[in-house]
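Participant: quick one: sequence and predicted model below, then my questions.
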Amino acid sequence: MADPKSEATTTGSKPRVVCCIGDIHGYVDKLQNLWSNLEALVDPPDFRTALIIFLGDYCDRGPHTRQVIDFLHRLPYRYPDQTHVFLSGNHDLAFAAFVRVLPRPPSFEFSETWKEYQDNEDREGWFKGDGYEGMHLQGRRWGGTIEAKFNAAKGTEYKGSIYDAGPTFESYGVPHGSADLVSAVPDEHKKFLGDLVWVHEEDDVCVETETGLIHCKLIAVHAGLERNKDVKEQLNFLRARDTRVPKVEALSGRKNVWDIPKELTDNPTIVVSGHHAKLHVEGLRLIIDEGGGFEERPVAAIVLPSMKIVRDTDVLAK
């Protein structure tokens, strides 16, 4: 895992390449194709030392979560000169909660996180199997069985739970909702999930604009930062990975995390996210989630400083 304060620029005059990769959602073929395209697009010396930021949501919906996590956790061994940052998405936090690897604050019971949303338990079909008593709310929602079969907002069938976690269970060889998943997930995958960061910050990243190359700060967070809350407080909370809250808005929010908070506009700051099932590049607000977990959509990445969009469907690799 990268130090969240690591520098993105090189010691020379050429800016370091930064690749921000959108939500993968269990599609290992898309991930492999996208990686090959990035490797083909970026000059080999620059790719060898690039900063690679994965924006979260590695699991659910697609059929190959186990293979995706295998690919990701091996990257630091395959590319030792790169810096790899693995952000937690809301799906990954829920998966981590189910397999008992979320950090737990001292003297805090995860059952406390249920109370605010208790009225949703029956409709969402929260998990009630072995070990549920000590499980964070999002783990129970993730491993449960939702009563409704059709997700009207997405126009798709639910895959087991409100998180569409069924394919993740199946990728580890157990049926959806089975408590056996805890023992089926390998220790190295549990460590990967338990180590995911909620935010990553860089002090100096370069971006090409119409007026030339500019130097910016960069904040990477799965959904975004809340626009009406103090940014410093939000960042401190996210660095601490405080699991006493039932829902982490910066990982799960929608409209209230779409824009860059005004206080970050005084100093040029890139805010890059996935989560929203959209590809949206407006100024320094980058939302890179073209796939959204839909089988027919591509997984995308953005390369800095060029601002080049790369997709798994591009034909770049030889």
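Facilitator: Structure received.
Participant: where does pLDDT dip in this protein?
Facilitator: 1-12, 317-318 (pLDDT under 70).
Participant: same thing but at 50, please
Facilitator: Applying pLDDT under 50 to the chain flags residues 1-11.
Participant: now do the contacts for the residue lying farthest from the centre of it.
Facilitator: Counting by CA atoms, centre = their mean, the extreme residue of the chain relative to its mean C-alpha position is residue 211, 31.7 Å from that point. Shown in contact with residue 211 (CB atoms under 8 Å, 6 or more residues apart in numbering): no residues. All C-beta atoms are positioned from the backbone trio N, CA, C, and that covers glycine.
Participant: how close does it sit to residue 267?
Facilitator: 17 Å (CB to CB, to the nearest Å).
Participant: for the spatially most central residue of the chain, what are phi and psi?
Facilitator: Nearest to the mean C-alpha position of the chain, counting by CA atoms, centre = their mean, stands residue 56 at 1.0 Å. In terms of degrees, to the nearest 10, the main-chain angles of residue 56 are phi 100, psi 180.
Participant: I'd say it and residue 87 touch.
Facilitator: Yes. Residue 56 is within contact range of residue 87, at 4.3 Å (criterion: CB atoms under 8 Å).
Participant: give me the common contacts of those two.
Facilitator: Taking CB under 8 Å, 6+ apart as the criterion, residue 56 and residue 87 both touch 196, 222.
Participant: any idea how far residue 196 is from the residue nearest to residue 222 when sequence neighbours are not counted?
Facilitator: What sits nearest to residue 222 in space, not counting adjacent residues and going by CB to CB, 6 or more residues apart in numbering, is residue 56, at 4.0 Å. Note on residue 56: its distance to residue 196, by CB to CB, is 8 Å.
Participant: list residues touching both of those two?
Facilitator: Residues touching both residue 56 and residue 196 by CB under 8 Å, 6+ apart: 86-88, 92.
Participant: which members of those occur in helices, if any?
Facilitator: Here DSSP state H is the test, and the shared contacts of residue 56 and residue 196 give residue 92 as lying in helices.
Participant: between the shared contacts of residue 56 and residue 196, which is closest to residue 165?
Facilitator: Nearest to residue 165 out of these is residue 92 (CB to CB; 11.2 Å).
Participant: for the closest one, give me its contacts.
Facilitator: By CB under 8 Å, 6+ apart, the contact set of residue 92 is 56-59, 193, 196.
Participant: can you check residue 89 too?
Facilitator: By CB under 8 Å, 6+ apart, the neighbours of residue 89 are 23, 55-58, 222, 251, 274-275.
Participant: could you report the distance from it to residue 28?
Facilitator: Residue 89 sits 16 Å away from residue 28, going by CB to CB.
Participant: do residue 90 as well
Facilitator: According to CB to CB, residue 90 stands 20 Å off from residue 28.
Participant: endpoint to endpoint, stretch 260-269 covers what distance?
Facilitator: By CA to CA, to the nearest Å, the extent of stretch 260-269 from end to end equals 9 Å.
Participant: list the helices and strands the helix or strand that contains residue 188 packs on?
Facilitator: Taking DSSP states H and E as the criterion, residue 188 maps to helix 187-195. Applying 3 or more CB pairs under 8 Å, 6 or more residues apart in numbering; DSSP states H and E, one finds that helix 187-195 contacts helix 65-78, helix 90-98.
Participant: okay, those helices in CSV with distance to residue 113 next?
Facilitator: Compiled in CSV, the helices and strands packed on helix 187-195 are given as follows (distance: least, CB to CB, whole Å):
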stretch, distance to residue 113
helix 65-78, 24
helix 90-98, 9
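Participant: most neighbours per residue, which of the ones you listed?
Facilitator: Counting by mean count of other CB atoms under 10 Å, helix 90-98 has the highest mean neighbour count of the helices and strands packed on helix 187-195, with a mean of 27.
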